[in-house]
Every structure is written in structure tokens, then in C-alpha cells.
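Student: I need the structure of the sequence given here:
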Amino acid sequence: MDEKKLLNCVRDLVSIPSYQDTGEIREYICSYIKNLGFLPVVDKIGNIKVEIGSERAFLLNAHVDTVPPKGWEDAFQPIINHKKLYGLGASDDKAGVACLLELLRSIREEKIKGSFVFLFSVNEEAHPLEKNGAFYSLPHLNVHHALVLEPRTRENGEILLGVGCRGIYRSHIIIKGKRHHSGTPSPKDNALYLALDFVNKLREQELPSVTLSLNGKIFSLHADATITQIKAEEGMNVAPGLCHLDLDYRCIPKESKNSIEKWLHSLLKEAKLKDKVFFSNSWFYPAYFCSDKKFIEACLHIAKEENIILLPSFSSGRNDSTVFGNYGNIPSLVLGPGTMGQAHKRGEYLYLPGFFRSCNFIEVLIRELPRFFN
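Tutor: Purely as a prediction, here's the structure:
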């Protein structure tokens, strides 16, 4: 793949804000696709799809949205320094978007043949399932396997093949006490103290774990529960009657929304808080583990032929392989040119040598995979 074209494309993409409104970046992507001679189709929520070929297709996906800049003033001014391109979304996931766009060029130039669906999806970052772009697209996909281009490239040259990911359960928790003046304290009614009791109880828990095996590699997975925000503001001299917390629970395969909430309620009962705690705005994505060994072994075989170090891995965070795999029954793997460890960071960067190397490998992979499915 042409490194100059890849660099210019990802630099253009980084310069376009896409953390709230994805309209401007959608226009850029659609224009790019049309200039390559393909027809982009935009659905009601803003996903962009390109269908190539008449047979059941192979799906290639990257998301166009990012997290907010959160005070990063130069977030949309891409700067290259020491082989790194700095900018919001550079690795997560505009590197993936740029790779897909240039893969379309490879198809146009007949370097790659076959039936494909390219999906540039919206609402991947921190959205409930019902608003997720990949989930919305499922009824309109006729595909047999999927590759999700999330950051899976290390600066040391290693490329990781994501065979699964943990799921996520998020909930806003309201703990109800009794508001009173701090001059007449009543610790048993202080909502903040009650919240601390809950947090301490949460930290004592031994959370579920599981061991999975793939091609001789053992994955030891465990769930994590984290309180990410806490708020109880009623004045300097007032003990709060309400305390608000946000819970982020990272689940492992076979855990469900019901099983997590059942565990939470039993925890509240133990802490004698059951009637004082309320949950709202809860949402859930299940964990995912790809069971298609043929698909995985094909990717590893092609990597070996190309002298690429490709390491099966299990992602600690969530990605849209769980949507395609769990809700679409589409065997899905994750392999992307973005730099690992950079997602959602102020000062996010894309390590360019790894980006170019991964893009070239993905091109080879997409070209060679059909021989394993025919």
C-alpha cells in the first residue's frame, strides 16, 4: 500500500472532529470512496457501507467516532514527531478507517479480488447497544466472517490478533440517605458514608474468572468492577441525602446482564443497603470469544508465510467484535493498524512504521483469506 496516501488520509481524518457530530467526516469518507469509483450507502444513523461483489461477503469494519478531546487544545491538529502522528483518534480508530479506504484502492487496482462489505460505523465509543452503529447494521449484512480494525499493533513490531474481548456493564447508581446539617451529624444517614460502605464492600469481592485455550495458548481472564465517578454535592455544611456513583464492570464470557445485576443485589443485601440503592441508565455488552478455529488458523498461517509475528490475544476492553459475534453470529477477529495503548489518551499518537507495516499485512491477509474459505 502507498505509504504517502495512507499518511495523507489518516492526517486528514484526524483533523476532522468526530466525537459528537460525524457529518463532516462522513462527507470526507464518502467523497474518498466515490473518487475511487465505488458507491457509498449511508443509513439513517450515519453508518457508511460499500458492497463489492455478488456473493456472501467478508466484512471489514472500522468506526469513525472518537471520544471527546477533554481539554486537549491541539487534538485536531495532527503533528508528526519522531515517527509518531499525534492527534485525537489517530490510533482509535482513524488509522483503521484510513486502512479501509486504501484497501478499496487495492480492490480497484485488482490487487484484491472477492466479495466484501466495508462498514464505516458510528457510535462505537461509550454508547448503549441500541445506539451502536455496528448493531444497527446487522439486519442489513450478508457476510460470513468479519475483521474489525481496532488498534492491535505494538511499537516493537508485534501485531496482535484479537480472538475475543471482555464485555461491559455500566450503571448509574443512586444511594439514598437523609440530608442533614453537618452541625448535627448522623453518620448512618449520610449518603456519602453509605456509598463508601458500598464501595468498600465492592472492593472486597472476589470476581469471576475463567481460563480459555486456543492453539496451545492459555488465556486467564477475570472480571473487574470499578467505580469511575462519585458525586454528592449539597453544600459545605450539609451531609448529602443522595450520592451518585458510576459503575464500570468488565465481564468475561458467559456472564450476562441478569447475572451481574443479581450479584450486585446480593452484595447490597450483605451491606444492608438494598432499600437505599437505585440503579438507572444501565447497559450491557457481553464478552466474546471467537470459536472459529479455521478462521484463526488461516490468519496465523498467512502471517507465518509473510514472516509476520502475529500473536493471538484477548482484549481487556470492549470492541465491536462482540456485536458482530454475539448478535450477528458472524465469526469476528480484531486486527488493526492503530498503536496499542493509545486509545482515549490525551496526547494519543499513531506509530507510523507499525501503521504502514500493519496496513500492508492486512492487504495481504484480505487477498489470501479467500483460499481458506473456498
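Student: now the strands: where do they sit in the stretch 101-250 of the chain?
Tutor: In the stretch 101-250 of the chain, the segments counted as strands under DSSP state E, counting those that start in this stretch are 116-121, 143-148, 159-165, 167-176, 180-181, 209-214, 217-222, 224-231, 238-239, 242-251.
Student: what residues does the fifth one touch?
Tutor: Think strand 180-181. 186, 189-190, 237-239, 241 (C-beta atoms under 8 Å, 6 or more residues apart in numbering). (Each C-beta comes from the backbone N, C-alpha and C, glycine too.)
Student: could you flag which of those residues are buried?
Tutor: Buried residues within the contacts of strand 180-181, counting neighbours by 16 or more other C-beta atoms under 10 Å: 189-190, 239, 241.
Student: which one of the residues you listed sits closest to E124?
Tutor: When these are compared for distance to E124 (C-beta to C-beta), G241 wins out at 37.3 Å.
Student: Run a quick neighbour tally on the closest residue to K70 other than its chain neighbours.
Tutor: What sits nearest to K70 in space, not counting adjacent residues and going by C-beta to C-beta, 6 or more residues apart in numbering, is R346, at 6.7 Å. Residues within reach of R346, counting by other C-beta atoms under 10 Å, total 10.
Student: which residues of the protein score low on pLDDT?
Tutor: 126, 374 (pLDDT under 70).
Student: which residues of it fall in helices?
Tutor: 3-14, 23-35, 95-108, 133-137, 191-203, 257-270, 293-305, 321-322, 328, 352-368, 370-373 (DSSP state H).
Student: Ok, which of those helices comes nearest E55?
Tutor: helix 370-373 (10.2 Å).
Student: Quick check: nearest residue in space to F295, chain neighbours excluded?
Tutor: Distances taken as C-beta to C-beta, 6+ apart place P331 nearest to F295, at 5.2 Å, with adjacent residues excluded.
Student: what about that neighbour, distance to C299?
Tutor: Per C-beta to C-beta, to the nearest Å, P331 is found 11 Å from C299.
Student: Can you pull up the most central residue in this structure?
Tutor: N319 (3.1 Å; C-alpha atoms, centre = their mean).
Student: before we move on, could you check phi and psi at it?
Tutor: Phi and psi for N319, reported as degrees, to the nearest 10, are phi -140, psi 180.
Student: Ignoring the adjacent residues along the chain, who's closest to it?
Tutor: With C-beta to C-beta, 6+ apart, the residue lying closest to N319 is E150, at 4.7 Å.
Student: same check, this time on I48
Tutor: F120 (4.1 Å).
Student: Quick check: that neighbour touching G96?
Tutor: No. Using C-beta atoms under 8 Å as the test, F120 is too far from G96 to be in contact (9.3 Å).
Student: Look at these two and report which has more neighbours.
Tutor: Each of F120 and G96 has its neighbours counted (other C-beta under 10 Å); G96 has more, 32 against 28.
Student: and that one, how far is that from V334?
Tutor: 10 Å.
Student: Mutual contacts of these two, please.
Tutor: Counting by C-beta under 8 Å, 6+ apart, the residues touching both G96 and V334 are 149-150.
Student: before we move on, the earlier item: max pairwise distance over the contacts of strand 180-181: which two?
Tutor: Using C-beta to C-beta, the two most remote members of these are D189 and N237, lying 15.6 Å apart.
Student: From the chain's centroid, how far away is stretch 148-159?
Tutor: Centroid separation for stretch 148-159 versus its chain: 14 Å, with C-alpha atoms, centre = their mean, to the nearest Å.
Student: Between the two ends of it, what distance do you get?
Tutor: 14 Å (C-alpha to C-alpha, to the nearest Å).
Student: Kindly report the same for stretch 222-236.
Tutor: First-to-last distance for stretch 222-236 - C-alpha to C-alpha - comes to 40 Å.
Student: List the buried residues for it?
Tutor: For stretch 222-236, using 16+ other C-beta under 10 Å, the buried residues are 223, 225, 232.
Student: would JSON lines of the residues you listed with distance to V143 be doable?
Tutor: Formatted as JSON lines, these follow (distance: C-beta to C-beta, whole Å):
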{"residue": "A223", "distance to V143": "30"}
{"residue": "A225", "distance to V143": "35"}
{"residue": "A232", "distance to V143": "48"}
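Student: between F120 and G96, what contacts are shared?
Tutor: Common neighbours of F120 and G96 (C-beta under 8 Å, 6+ apart) are 62-63.
Student: one step back: I'd like the contacts of strand 180-181 as a markdown table, with distance to D2 appended.
Tutor: Formatted as a markdown table, these follow (distance: C-beta to C-beta, whole Å):
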| residue | distance to D2 |
| --- | --- |
| S186 | 70 |
| D189 | 67 |
| N190 | 63 |
| N237 | 66 |
| V238 | 63 |
| A239 | 64 |
| G241 | 62 |
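Student: Which of the helices of the chain sits closest to R166?
Tutor: The nearest among the helices of the chain, by C-beta to C-beta, is helix 321-322 at 8.7 Å.
Student: Closest one to V67 out of the buried ones among the contacts of strand 180-181, please.
Tutor: So of the buried ones among the contacts of strand 180-181, ranked by how close each gets to V67 (C-beta to C-beta), first place is G241, at 32.7 Å.
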